[in-house]
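> Provide a 3D model corresponding to the input given below.
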Amino acid sequence: MAGEQLSARVDSWIWSVRLTRTRSIASDACRGGHVRINGVRVKPAHDIRVGDEVRLRHEGRERIVVVSRIITKRVGAAVAAECYVDKSPPPPPREETVTVAVRARGAGRPTKRERRNIDKLLGRQDPSL
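Numbers count the residues shown, from 1 in each chain. A predicted model of the protein is given here:
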């Protein structure tokens, strides 16, 4: 591409390729020590170049990406995905939702027998044992 940039600010690039929702979140992550380039913690204004490995800890998981293209403007998700090679471990599986016992509205509190049945259904131990 004509006019291809050689470097850009790391916080701007992280935001541009949609690894964070806002640039301020990307800047805060850099200031908090959650962004590493080639194993070194960096500040938001650090320059990033093609071939750098970026590690970002964000929202409970670590993203590991290798820069393949430098951009500074936010682009669509399809174009953003072409700007890096994702080497992140797969996200942890979402936890199953626990089934909740449903009572009819206005039925009041459960009786002792109903409470025991609910506890047995949910796999809780009987506190009297």
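
> Now residue 57: which helix or strand?
Following DSSP states H and E, one finds residue 57 within strand 53-58.

> Contacts for that strand next, please.
10, 14, 19-20, 25, 29, 34-39, 48, 62-67, 84, 87 (CB atoms under 8 Å, 6 or more residues apart in numbering). The way it works is simple: take the backbone N, C-alpha and C, and place the C-beta from them, glycine included.

> just checking, next helix/strand downstream of that strand?
strand 61-67.

> Each with direction, which strands does that following strand pair with?
strand 53-58 (antiparallel), strand 84-86 (antiparallel) (DSSP bridges).

> Looking at those strands, spot the one closest to residue 112.
strand 53-58 (47.8 Å; CB to CB).

> Could you pull up the mean pLDDT of the closest one?
Taken as a whole, strand 53-58 has an average pLDDT of 93.

> For residue 5, see how far away the closest residue to residue 30 other than its chain neighbours is.
Once flanking residues are discounted, residue 30 sits nearest to residue 44: 4.2 Å by CB to CB, 6 or more residues apart in numbering. Residue 44 sits 17 Å away from residue 5, going by CB to CB, to the nearest Å.
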